[in-house]
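In: Sharing a model that was predicted from the sequence below.
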Amino acid sequence: MGMTGSVVQSVQYMLIDTGYLSDGADGVFGSGTQSAVRRFQADHGLDADGVVGTQTMQALADASGREVPEESGSYQYSMVMDATAYTADDPGNSGITAGGHRLTHGLVSVDPDVIPLGTRLYIEGYGDAIADDTGGAIVGNRIDLGMDDRDEALNFGRQNVVVHVL
């Protein structure tokens, strides 16, 4: 939910071709697209979770006669997450992640029930990252992005980000 771009638009075209979507291909993965994906998945013996992972993407491509978009092959799935930022020098922070590393840009805190520790990620607007830490307030679809300095973290504030699980 919430993803935008050419890969989403390609998925929407495949859903239109297979008769699961009639709203058009605007490149925004909203509730109508998610509902169409769930119906497609249920009808094709897939886990009807509304997420277009590798299996769903291939099944859509096969059913529609279209190619799997090249951009989709580099990650397993994506999600929109509520993001904040933190630094090694924040009060109450030891500066060492749960993975045993000094916190720097590229190391992030996650809920390990959502994203397992050690998972490689690409976060739009942030870059490559590793899920290497946990935090008491990081529960569900929340992520805390490691920053190199406090000003950078404060400037980031709180915002939604698209997280691609590699």
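Out: Looks like it arrived, so ask away.

In: And the helices in the chain, which stretches?
Out: 6-17, 31-43, 54-64, 150-156 (DSSP state H).

In: To residue 85, which of those lies closest?
Out: helix 150-156 (3.9 Å; Cβ to Cβ). Yep, even glycine has a C-beta here, placed from its N, CA and C like the rest.

In: For the closest one, give me every contacting residue.
Out: If you take Cβ atoms under 8 Å, 6 or more residues apart in numbering as the criterion, helix 150-156 is touched by 83, 84, 85, 86, 87, 89, 90, 105, 145, 147.

In: And the furthest pair within those residues?
Out: 83 and 89 (19.2 Å).

In: quick one, which of those two is more surrounded?
Out: residue 83 (22 against 13; other Cβ atoms under 10 Å).

In: From residue 145, how far out is the more buried one?
Out: To residue 145, residue 83 is 6 Å away according to Cβ to Cβ, to the nearest Å.

In: And for residue 127?
Out: 10 Å.

In: When the two are compared, which one has more neighbours?
Out: residue 145 (24 against 11).

In: contacting residues for that one?
Out: Residue 145 neighbours (Cβ under 8 Å, 6+ apart): 83, 84, 85, 86, 108, 123, 126, 129, 156, 161.

In: Bridged to it, which residues?
Out: residue 85, residue 108 (DSSP bridges).

In: how close does it sit to residue 119?
Out: According to Cβ to Cβ, residue 145 and residue 119 sit 14 Å apart.

In: Just name the most buried of the helices of the chain.
Out: Of the helices of the chain, the one with the most neighbours on average (mean count of other Cβ atoms under 10 Å) is helix 6-17, at a mean of 21.

In: avg pLDDT for that one?
Out: Taken as a whole, helix 6-17 has a mean pLDDT of 88.

In: returning to that earlier point: output the contacts of residue 145 in CSV, with pLDDT and distance to residue 19 appended to each entry.
Out: Converted to CSV, those look like this (pLDDT from 0 to 100; distance: Cβ to Cβ, whole Å):
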residue, pLDDT, distance to residue 19
83, 96, 37
84, 96, 42
85, 96, 44
86, 96, 47
108, 97, 40
123, 87, 35
126, 88, 38
129, 92, 38
156, 95, 43
161, 89, 33
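
In: any idea which of those residues is the one closest to residue 38?
Out: Using Cβ to Cβ, these come closest to residue 38 at residue 161, 24.1 Å.

In: Quick check: the closest one touching residue 81?
Out: Yes. Checked against Cβ atoms under 8 Å, the pair residue 161 and residue 81 is within contact range at 5.8 Å.
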